[in-house]
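K.L.:
from the sequence below, what's the structure:
(chains A and B)
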Amino acid sequence: MKYLTEFRDGEIAQRMAREIASVTTRSWKIMEVCGGQTHSIIKNGIDQMLPAGPVASVEMIHGPGCPVCVTPLELIDKALAIAAQPGVIFCSFGDMLRVPGTDADLFQIKGRGGDVRVVYSPLDAVELAQKNPDKQVVFFGVGFETTAPANAMSVHLAKRRGIKNFSLLVSHVLVPPAISAILSSPGNQIDGFLAAGHVCSVMGYWEYPPLAEKFKKPIVVTGFEPLDLLDGIRRTVLQLEQGRHEVENAYERMVTFDGNRPAQKLLSDVFEVCDRAWRGIGVIPMSGWRLNAEYRDFDAEHRFQITGIHTEESPLCQAGDVLRGVLKPAQCPAFGKECTPRHPLGATMVSSEGACAAYYNYGRFISAEELSQAGRS
Amino acid sequence: MCLAIPGRVEEILIENDLRIGRVNFGGVLKRVCLDFVPEIKVGEYAVVHVGFALSVIDAESAEKTLEIFRQMGALDEELATEEEAFVRAADAPQSLCPDGGCSTEHNPASSATPQAPEK
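P.N.:
This next block holds a predicted model:
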């Protein structure tokens, strides 16, 4: 495990951190939306390079951007129910294997005889369907806009190739409605946002100027590497200090304003916007994609009528507040006690990109600085 | 799950109805669909997420990003084979950090300082 100072870019990073400190005159809270960015910030100790004075400080608030975290328990249980059926080949990315449903996880379903496969790409699942015409092949498609083009292409190909035994269990969530919901929620304290670079490589950032204008908050498209994150934070702080609220692109080598238009075209051909339940947050209107009427036959929820699923979250878990950025992981009474990665009470501890897991894994849970900050806010 | 990783397009093939590239991620070769980046050529670098190229990136940025992602342990999860994924899951408790880049084994009481323990 390496901290940023050990990277060869450590010196540049220190310089950027000094610049951030020198321009900061007030206390700012900046949310990184993406779980991959949360992971990188904590792992590289970037939040600890930021000013933390009583008057001038920059605090990173971790957003709801981990697709595993926000996938409702009910959908995990549906996945497990489908994967356990005979005659089904259930395909997933590796990081879903150990995500617990109410009674089990996908890895345990495999141990009980379920045919669970890990694929690198949804295309692999389509090919499995072609090779196994006597089986029902289901791909578990969760994710943000980054993953959506791949999933859209899988059903598009299945339809084009006339593959009847392929379906998608889909729960796509969208970043802009989540930002809007967070900024509209009572008690919101977020001053600015880092927009997720890889989401924007697909979607561009044409959706953000209306949000920045409506809520008067700067939004800076930011990458995942330590210097990218520091640059995104630096630009956000500069805007805040100058009273600006613009959309900036700090990830130009990867992201254009338009994004990937061929991918967006396919997305609009295959998906339609829907209300979506976010685990720990609740339903956010128009915040997800589902297969549209033309592709409904490929919807696994439609094909396998799974009923009778009742789920219950732990009453101790405050993942919802963590996902909204109201609570830091270390401020949750169950954190590191009843709730650990081995015995997670909620999704933010389950996924490696979840804020609670990131804090736990990098030993942040009783940082004195954090506790004093918790006392202040 | 959300990381997109740059890789060099070594070869471009037409497989059935798809344009497929053999893409080299620092020594690991994967089949990647190139339909979303019709402009890409052999020798260029694609930014790839779950088997789909999403954008084209210059070689220098690509190599630098690859190196940083490797240092961060981000490549293992994204590029794992099915066998590797199951081996990892078998060794893992429910919900263990799946990218292998961090330790969930350490005793919470021993790492109370902000500096994470060396692995």
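K.L.:
how many other residues sit next to A:Lys135?
P.N.:
Look at A:Lys135: counted by other Cβ atoms under 10 Å in any protein chain shown, it has 16 neighbours. (Glycine included, C-beta is placed from N, CA and C.)
K.L.:
actually, A:His310.
P.N.:
By other Cβ under 10 Å, 7 other residues sit near A:His310.
K.L.:
what do you get for A:Leu238?
P.N.:
17.
K.L.:
ok, it - contacts?
P.N.:
By Cβ atoms under 8 Å, 6 or more residues apart in numbering or on different chains, the contact set of A:Leu238 is A:Val23.
K.L.:
CA atoms only for the one helix or strand it maps to, dumped as PDB, please.
P.N.:
Assigning secondary structure by DSSP states H and E places A:Leu238 in helix A:226-241. Output in PDB follows, covering the C-alpha atoms of helix A:226-241 (Å, rounded to 0.1, in the frame of the first residue of the first chain):
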ATOM      1  CA  PRO A 226      -3.700  11.300  -7.600                       C
ATOM      2  CA  LEU A 227      -2.600  14.400  -9.600                       C
ATOM      3  CA  ASP A 228      -5.900  14.400 -11.500                       C
ATOM      4  CA  LEU A 229      -7.800  14.500  -8.200                       C
ATOM      5  CA  LEU A 230      -5.700  17.200  -6.700                       C
ATOM      6  CA  ASP A 231      -6.100  19.300  -9.900                       C
ATOM      7  CA  GLY A 232      -9.900  18.800  -9.800                       C
ATOM      8  CA  ILE A 233      -9.900  19.900  -6.100                       C
ATOM      9  CA  ARG A 234      -7.700  22.800  -6.900                       C
ATOM     10  CA  ARG A 235      -9.900  24.100  -9.700                       C
ATOM     11  CA  THR A 236     -13.000  23.600  -7.600                       C
ATOM     12  CA  VAL A 237     -11.500  25.600  -4.700                       C
ATOM     13  CA  LEU A 238     -10.400  28.400  -7.000                       C
ATOM     14  CA  GLN A 239     -13.900  28.700  -8.300                       C
ATOM     15  CA  LEU A 240     -15.400  28.700  -4.800                       C
ATOM     16  CA  GLU A 241     -12.900  31.400  -3.600                       C
END
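K.L.:
report the distance from it to the chain centre.
P.N.:
Mean-position distance between helix A:226-241 and its chain equals 21 Å (Cα atoms, centre = their mean, to the nearest Å).
K.L.:
contact partners for the residue in chain B positioned nearest to chain A?
P.N.:
Residue nearest to chain A within chain B (Cβ to the nearest Cβ): B:Gly51, separated by 2.4 Å. Each residue near B:Gly51 by Cβ under 8 Å, 6+ apart is listed here: A:120-124, A:150, B:30-33.
K.L.:
so which of these comes closest to A:Tyr362?
P.N.:
Of all the contacts of B:Gly51, A:Tyr120 has the smallest distance to A:Tyr362: 27.6 Å, by Cβ to Cβ.
K.L.:
what about the closest residue to A:Lys43 other than its chain neighbours, how many residues nearby?
P.N.:
Among residues not flanking A:Lys43 along the chain, A:Tyr362 sits closest, at 6.0 Å (Cβ to Cβ, 6 or more residues apart in numbering or on different chains). Using other Cβ under 10 Å, A:Tyr362 has 23 other residues around it.
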